[in-house]
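Student: Below is the structure, and that's it, no one-letter string:
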């Protein structure tokens, strides 16, 4: 029994020494850099404008998928009846709030260019309108509905390109980093 107690004490001593040695090393480590907002703009690699432009498309896709689930579950005609549309309405309300911070940050980042600021406001308004128009319209066929709710993507991308072009040179490079792939080096 005394051997077991001595072994336990030795193990505790080694553990205490290990903790004491690790504490200064841990205390000296620098804080990690803040991670980019991966929920709202998972594909953004640039600054606030880039994050917002990616968030517009990403959040529209999320609510579009929720609406598609409601349509699959209840059918087109009944997808808006009673509480059947509650999930998509919640999605729209939630993302109107969640995009506020990236939108405000993008506006601040783009303050040097009136054209970019106006473009950001326009794409935000377009995004809000597109979210509201996810609802099925009476008499609309499946193909017509799917084509209509796919159209905002082209408008989002077109306006994003114009906004990136309107940014000052330094900001434009950061905002297009994720959009323009690097040229492959020649094997020669």
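Tutor: Now that the structure is in, tell me what you want to look at. These figures come from a predicted structure and were not determined experimentally.
Student: which intervals of this protein have sub-threshold pLDDT?
Tutor: For the chain, applying pLDDT under 70 flags the ranges 1-38, 169-188.
Student: can you give me the strands for it?
Tutor: If you assign secondary structure with DSSP state E, the chain ends up with no strands.
Student: Helices along that one, start to end?
Tutor: Listed in chain order, the helices of the chain (DSSP state H) span 2-28, 48-74, 86-98, 100-109, 114-132, 142-166, 169-176.
Student: Name the stretch among those that sits most buried.
Tutor: Greatest average neighbour count among these goes to helix 48-74 (a mean of 21), per mean count of other Cβ atoms under 10 Å. Yep, even glycine has a C-beta here, placed from its N, CA and C like the rest.
Student: tell me which strands and helices that helix is in contact with?
Tutor: Under the contact criterion of 3 or more Cβ pairs under 8 Å, 6 or more residues apart in numbering; DSSP states H and E, the helices and strands touching helix 48-74 comprise helix 86-98, helix 100-109, helix 114-132, helix 142-166, helix 169-176.
Student: can you tell which of those is closest to residue 71?
Tutor: Taking Cβ to Cβ as the measure, the helices and strands packed on helix 48-74 were each checked against residue 71, and helix 142-166 came out nearest at 8.2 Å.
Student: Quick one: work out the angle between the closest one and helix 114-132.
Tutor: Using axes from the mean of the first three to the mean of the last three Cα atoms, to 10 degrees, one finds that helix 142-166 and helix 114-132 are set 160 degrees apart in direction.
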